[in-house]
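>>> Provide a 3D model corresponding to the input given below.
(chains A and B)
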Amino acid sequence: AQSVAQPEDQVNVAEGNPLTVKCTYSVSGNPYLFWYVQYPNRGLQFLLKYITGDNLVKGSYGFEAEFNKSQTSFHLKKPSALVSDSALYFCAVRDMGNTNAGKSTFGDGTTLTVKP
Amino acid sequence: NAGVTQTPKFRILKIGQSMTLQCTQDMNHNYMYWYRQDPGMGLKLIYYSVGAGITDKGEVPNGYNVSRSTTEDFPLRLELAAPSQTSVYFCASSAGWDGELFFGEGSRLTVL
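Alright, predicted model coming up:
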């Protein structure tokens, strides 16, 4: 079975400071990893994904994430936070090692609040 | 491009009523999904489809049914609505098994 954990319900940072939103995963095969963002009363929007290749993945709005196979982590980062980054962030995983490869499992989400 | 379109955006049902949530996408994606989002619980997969005529159950399929007669449409049917089905429902699509998901704006359903 595949699973995702986002250990922090809430992350608070000051504008201009770096931010990190944590994600760890568990799969039996190779992981495909995704980050999505959700603004209030909206659907989720894709930020970035790791499929293969470089462990550091760059995505939309200046976000990046680092894949760490030994720690089974895929933390989302941004060097300088903006107030407009405040939103709900979801990590998701697909296990490419089983027949249900098309299904994504989502974490419970982390609310990011950036204060001016 | 409209992307993924869901209707209705809001609906209140009485216990025991039935309804269909509509979902259509104009990106010619083969993969389509229905998720429900409960507060603090993330997204749970209800049903998914890998192409027209093919559907399969997700984590929480009980009380729901789907059909996929065309590539574009993937309606979700709720039979005999129960308060436990009060949630926000999201339809999503992807180009392939390794692609990112494109989400609709959501349908907020309340069962009283």
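>>> OK, contacts around the residue of chain B found nearest chain A?
Proximity of chain B to chain A (Cβ to the nearest Cβ) peaks at residue B:103, 3.5 Å away. The C-beta positions use only the backbone N, C-alpha and C, and glycine is treated the same way. Going by Cβ atoms under 8 Å, 6 or more residues apart in numbering or on different chains, residue B:103 touches A:36, A:43-45, B:4, B:90-92.
>>> what sits opposite it in the beta ladder?
Taking DSSP bridges as the rule, residue B:103 bridges to residue B:92.
>>> please report how far it lies from residue B:53.
23 Å (Cβ to Cβ, to the nearest Å).
>>> which stretches of chain B have low pLDDT?
Applying pLDDT under 70 to chain B flags the ranges B:1.
>>> residues near the nearest residue to residue A:10 once chain neighbours are set aside, how many?
Nearest non-adjacent residue to residue A:10, counting by Cβ to Cβ, 6 or more residues apart in numbering or on different chains: residue A:111, 4.9 Å away. Residue A:111 has 16 neighbouring residues, counting by other Cβ atoms under 10 Å in any protein chain shown.
>>> mind checking which of the contacts of residue B:103 land in strands?
Judged by DSSP state E, the subset of those located in strands is A:36, A:44-45, B:4, B:90-92.
>>> which residues touch the residue of chain A found nearest chain B?
Residue nearest to chain B within chain A: residue A:43 (3.5 Å; Cβ to the nearest Cβ). By Cβ under 8 Å, 6+ apart, the contact set of residue A:43 is B:4, B:90, B:92, B:103-106.
>>> want to throw those residues into TSV with distance to residue A:60?
As requested, the contacts of residue A:43 are arranged in TSV below (distance: Cβ to Cβ, whole Å):
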residue	distance to residue A:60
B:4	18
B:90	19
B:92	17
B:103	15
B:104	19
B:105	19
B:106	20
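>>> now, the most widely separated pair of those?
B:92 and B:105 (11.3 Å; Cβ to Cβ).
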